[in-house]
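Trainee: Predicted coordinates and the sequence they were generated for:
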Amino acid sequence: MFEIDPISLSYDLPKSRIAQYPLCHRSASRLLVVDSKKGVFKQLKFYEILDFIQKEDLVIFNTSKVVQARFDIFYANKKKSLLFVEWLEDGKIKCIGPNLRDISSYSTLKGENAKFTIISVSHHLILQTSFNTIGDWFQWLGQYGKMPLPAYIKRDVKQIDTSRYQSVFANFEGSVASPTAGLHFDQKLISEILKKGAHITSIQLHCGIGTFSPIRNSLNEHSMSSETYTIQKEAIDKITDTKYRGKKIIAVGTTVVRAIESFFLFTNNSPVPGTYTTTLFIKPGYSFKVANTLVTNFHAPCTTPLSLAIAFTNRAVISEAYSFAIDRKFRFLSYGDSMLLGNFYL
């Protein structure tokens with residue numbers, strides 16, 4: 001019997017279910033609508049999400065843009081691929097990569113039209129760059145870097161990934177992993193949402209290395225890495241008004257949920273627009289303050305996005321939904337299909 005483990009959130013995901021490429025059309029992916037209370041499912045095409053978005057509902061996107069964060073360095077006639085994960089002060093960067101001890105005896109590394117000085121090597125790598133600002137660094141990555149596809153996509157980065165591992169509304173550079181729930185929306189679908197009289201707003205949460213960090217032992221022992229998010233007055237006002245009206249607040253992705261829940265949880269009754277950091281780990285038992293509907297992909301075992309999806313419904317419902325999706329050959333993970341979670345009385 002299929003079951004998601006209650007302690008580690010592990011489950012058996014067949015490799016054949018992990019999507020390796022995006023579909024030709026974003027909104028042609030499959031959507032599994034899940035009534036969170038009853039555990040009733042309905043299979044649709046993603047563009048049919050319009051049937052569940054009504055006048056004065058609010059759809060919230062994460063407009064963070066994925067940086068081409070994977071880049072190559074050269075040393076002793078060898079090449080190693082690194083993943084940039086954080087910009088530090090004074091032009092320093094934090095990176096991760098395989099077998100970093102291999103380069104611990106070197107003082108400098110070469111890149112394409114760049115040179116890096118090694119500051120420290122442990123489970124991550126700290127490098128000194130010659131770039132004065134994060135904007136200059138992102139510009140270099142845009143020229144010489146590659147899209148940071150996750151390790152479960154077992155192929156080289158292709159030209160198609162430059163556009164398709166990015167949402168159509170991505171605007172603010174900073175993520176090292178894609179907020180993948182947004183990948184299903186195209187401009188036509190967004191226009192149709194607005195035509196129905198629903199509202200749209202956005203936050204920016206830059207997906208960091210925590211996206212890749214598995215829950216190694218148990219939920220209670222896991223801690224979230226810090227991530228930065230920005231929320232503007234327009235978003236605060238629309239969220240507050242929608243809550244007052246009792247309409248759906250549709251969070252597109254777990255990153256949106258973390259941002260808006262963190263903001264309204266920690267700012268109490270004095271919400272001030274701005275940029276904040278959060279380490280909020282949403283797990284079963286969490287009481288949601290803002291989001292009441294969630295668009296989310298099918299997540300990898302032992303991950304924090306899966307924990308959030310379970311918290312949004314319950315483990316039995318998500319276990320049944322995932323079993324249903326695997327049996328019916330839904331596509332999983334970043335380039336896969338998605339779910340719509342909420343109270344729909346299907």
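Mentor: It's in.
Trainee: I would like the residues contacting stretch 65-73, please.
Mentor: With contacts defined as Cβ atoms under 8 Å, 6 or more residues apart in numbering, stretch 65-73 is touched by 79-85, 103, 109-112, 116, 138, 141-142, 144-149, 157, 162, 165-166, 170-178, 207. To be clear about C-beta, it is placed using only N, CA and C from the backbone, and glycine gets the same treatment.
Trainee: try 7 Å this time
Mentor: 79-84, 109-111, 116, 138, 141-142, 144-148, 165-166, 170-176, 178 (Cβ atoms under 7 Å, 6 or more residues apart in numbering).
Trainee: can I have that stretch written out in CSV, keeping just the CAs?
Mentor: Extracted in CSV, the C-alpha atoms of stretch 65-73 (Å, rounded to 0.1, in the frame of the first residue of the first chain):
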residue,chain,number,x,y,z
LYS,A,65,13.7,35.2,-11.5
VAL,A,66,16.1,32.2,-11.6
VAL,A,67,19.7,33.2,-12.0
GLN,A,68,21.9,31.1,-14.4
ALA,A,69,23.6,30.0,-11.2
ARG,A,70,25.6,27.0,-12.5
PHE,A,71,29.0,27.8,-13.8
ASP,A,72,32.3,26.1,-14.6
ILE,A,73,35.7,26.7,-13.0
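Trainee: Return the residues in contact with residue 344.
Mentor: 33, 35, 52.
Trainee: What are the phi and psi values at the nearest residue to the first one once chain neighbours are set aside?
Mentor: Once its chain neighbours are removed from consideration, residue 33 has its nearest residue in residue 42; the separation is 4.3 Å (Cβ to Cβ, 6 or more residues apart in numbering). Residue 42 has phi and psi values of phi -140, psi 130 when expressed as degrees, to the nearest 10.
Trainee: can you pull the buried residues of the helix or strand hosting residue 260?
Mentor: Following DSSP states H and E, one finds residue 260 within helix 254-266. Neighbour-count burial for helix 254-266 flags 254, 255, 256, 257, 258, 259, 260, 261, 262, 263, 264 (criterion: 16 or more other Cβ atoms under 10 Å).
Trainee: now stretch 240-251
Mentor: Quick answer for stretch 240-251 (16+ other Cβ under 10 Å): 242, 247, 248, 249, 250, 251.
Trainee: now stretch 2-10
Mentor: Residues of stretch 2-10 classed as buried by neighbour count (16+ other Cβ under 10 Å): 4, 8, 9, 10.
Trainee: Quick one: the helices in the stretch 151-300 of the chain, in order.
Mentor: 159-164, 187-195, 233-245, 254-266 (DSSP state H, counting those that start in this stretch).
Trainee: how about the ones you listed, which one is nearest residue 317?
Mentor: With Cβ to Cβ, the closest approach to residue 317 among those belongs to helix 254-266: 16.3 Å.
Trainee: Just the CA coordinates for that closest one, please, in PDB.
Mentor: Extracted in PDB, the C-alpha atoms of helix 254-266 (Å, rounded to 0.1, in the frame of the first residue of the first chain):
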ATOM      1  CA  THR A 254       4.900  26.900  -1.600                       C
ATOM      2  CA  THR A 255       7.300  29.900  -1.800                       C
ATOM      3  CA  VAL A 256       4.300  32.200  -2.000                       C
ATOM      4  CA  VAL A 257       2.800  30.500   1.000                       C
ATOM      5  CA  ARG A 258       6.000  30.800   3.100                       C
ATOM      6  CA  ALA A 259       6.300  34.500   2.200                       C
ATOM      7  CA  ILE A 260       2.700  35.600   3.000                       C
ATOM      8  CA  GLU A 261       2.400  33.400   6.000                       C
ATOM      9  CA  SER A 262       5.700  34.600   7.400                       C
ATOM     10  CA  PHE A 263       4.800  38.200   6.800                       C
ATOM     11  CA  PHE A 264       1.400  38.200   8.400                       C
ATOM     12  CA  LEU A 265       2.600  35.900  11.200                       C
ATOM     13  CA  PHE A 266       5.500  38.000  12.300                       C
END
